[in-house]
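K.L.:
Pasting a predicted model and its sequence here:
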Amino acid sequence: MRRGIGHALRPYPVTGLPTGRQLELPGRGTTFITDSGRPDGPVVFLLHSVSTTGLLCWYPVIPLLEQDYRVITMDHRLHGRGIDSATFSLADCADDVAAVADALGIDSFIAAGFSMGGGIAQLAWQRHRDRVSGMVLCSTGPYFSSIEPGRLALEQRIGRALTVVDKILPSPSDRALDAVGHPLKWGLAQVASTPLGLQGVFAEAMARFDSRDWLGEIDAPTAVVVSTHDKIVQPERQQLLVDGIPGAQRFDVAGGHACCVLGAEKFVPEFTAAVAAVNRQSVSA
């Protein structure tokens, strides 16, 4: 709460954001992406957390990454301006990542995921091993809290209650989502672009994710960015990725679960160092 209030009063500046566009994925639907940075650089896909958008989750790191990499963000299905779908699963989201790479003519990429996006990154490697040259897994683990029946039931109840808010709250227009004025106003528009009532649907999908049985098979260079004050995905659960993935490197951020934005000053240098370490390994492999 204290970090949230502090961010509202002194938000991390929203500057230098790339212009996005809708991208048609044959047989899948249309999603919103940004494609920026060095056209000939190593490709980094930034995969966002639950109930956010690609830009909202990753805007603090994009300007710095663009100096050395080709940087892709995308809105996952049912999030923001992502694919409108009757169903939601992390496996489908992982396949969407590969489909975006296909549409952009990208052969291989580093998959960087925050929280839910970390699960999607792991599934992207499992389902498309020849495409994922490395992973950077942030504030995430090999499973999510909704794997526990009590936690899942709670999140489903919250989702049902929030459907009332969705009926009252208008969906922001593309103009509102693209207009970068005050960071707080822009951020609230990004949040409002994902229906709040879908929280239970997202929780169910995350409950079905569990990579513990195949972590030891991961042969792509991997860095794990651990948020050491995290109350949502505890550091001990994040450490399971470090212990389970052969050769995984650990980078620590003294922040909570939303440190990618609420604590970006500490997150950005560790994250960019993690990307650089994975890129060096993938190039030398």
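P.N.:
Great, that's in hand. Numbers count the residues shown, from 1 in each chain.
K.L.:
how near is residue 79 to residue 275?
P.N.:
Distance, residue 79 to residue 275, by CB to CB, to the nearest Å: 23 Å. C-beta here means a position set from N, CA and C on the backbone, and glycine is covered the same way.
K.L.:
which of the two has more neighbours?
P.N.:
residue 79 (29 against 26; other CB atoms under 10 Å).
K.L.:
now the more buried one, nearest residue through space, not along the chain?
P.N.:
residue 194 (4.8 Å; CB to CB, 6 or more residues apart in numbering).
K.L.:
For that neighbour, what is the enclosing helix or strand?
P.N.:
Counting by DSSP states H and E, no helix or strand carries residue 194.
K.L.:
Was I right to think it contacts residue 76?
P.N.:
No - contact criterion CB atoms under 8 Å: residue 194 and residue 76 do not qualify, at 9.3 Å.
K.L.:
between these two, who's got more neighbours?
P.N.:
For residue 194 versus residue 76, the count of surrounding residues by other CB under 10 Å is larger for residue 76: 29 against 24.
K.L.:
quick one: contacts for the more buried one?
P.N.:
If you count contacts by CB atoms under 8 Å, 6 or more residues apart in numbering, residue 76 has them with 47-48, 54, 82, 93, 96, 116-117, 120.
K.L.:
Need these in JSON lines (columns: secondary structure).
P.N.:
Shown next, in JSON lines, are those (DSSP: H, G, I helix; E, B strand; the rest coil):
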{"residue": "47", "secondary structure": "strand"}
{"residue": "48", "secondary structure": "coil"}
{"residue": "54", "secondary structure": "helix"}
{"residue": "82", "secondary structure": "coil"}
{"residue": "93", "secondary structure": "helix"}
{"residue": "96", "secondary structure": "helix"}
{"residue": "116", "secondary structure": "helix"}
{"residue": "117", "secondary structure": "helix"}
{"residue": "120", "secondary structure": "helix"}
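K.L.:
Looking at these, which one is closest to residue 234?
P.N.:
Closest approach to residue 234 among the contacts of residue 76 (CB to CB): residue 116, at 16.0 Å.
K.L.:
Surely the closest one touches residue 50?
P.N.:
Yes - look at residue 116 against residue 50 with CB under 8 Å: they come within range, at 4.2 Å.
K.L.:
who touches both of these two?
P.N.:
Counting by CB under 8 Å, 6+ apart, the common neighbours of residue 116 and residue 50 are 202, 206.
K.L.:
Show the average pLDDT along the lengthiest strand in the chain.
P.N.:
Determined from DSSP state E, the single longest strand within the chain is strand 29-37. Strand 29-37 comes out with an average pLDDT of 98.
K.L.:
Summarise which helices and strands it is packed against.
P.N.:
strand 20-25, helix 54-58, helix 62-65, strand 70-74, helix 90-104 (3 or more CB pairs under 8 Å, 6 or more residues apart in numbering; DSSP states H and E).
K.L.:
again, only using 10 Å
P.N.:
Strand 29-37 is packed against strand 20-25, strand 43-47, helix 54-58, helix 62-65, strand 70-74, helix 90-104, with contacts defined by 3 or more CB pairs under 10 Å, 6 or more residues apart in numbering; DSSP states H and E.
K.L.:
wait, which of these is closest to residue 257?
P.N.:
helix 54-58 (11.8 Å).
K.L.:
Alpha carbons of the closest one, in PDB - could you do that?
P.N.:
Output of helix 54-58 as PDB, limited to C-alpha atoms (Å, rounded to 0.1, in the frame of the first residue of the first chain):
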ATOM      1  CA  GLY A  54       2.800  -5.400 -22.300                       C
ATOM      2  CA  LEU A  55       3.500  -1.700 -22.000                       C
ATOM      3  CA  LEU A  56       2.300  -1.200 -18.400                       C
ATOM      4  CA  CYS A  57       4.400  -4.100 -17.100                       C
ATOM      5  CA  TRP A  58       7.500  -3.300 -19.000                       C
END
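K.L.:
so how far is residue 148 from the residue nearest in space to the middle of the chain?
P.N.:
In the chain, the centroid-proximal residue (CA atoms, centre = their mean) is residue 48; its distance is 1.7 Å. Going from residue 48 to residue 148 by CB to CB gives 23 Å.
K.L.:
ok, now which ones touch residue 210?
P.N.:
Each residue near residue 210 by CB atoms under 10 Å, 6 or more residues apart in numbering is listed here: 119, 141-144, 147.
K.L.:
where's residue 137, which helix or strand?
P.N.:
Residue 137 belongs to strand 132-138 when assigned by DSSP H and E.
K.L.:
Report the rounded mean pLDDT for that strand.
P.N.:
98.
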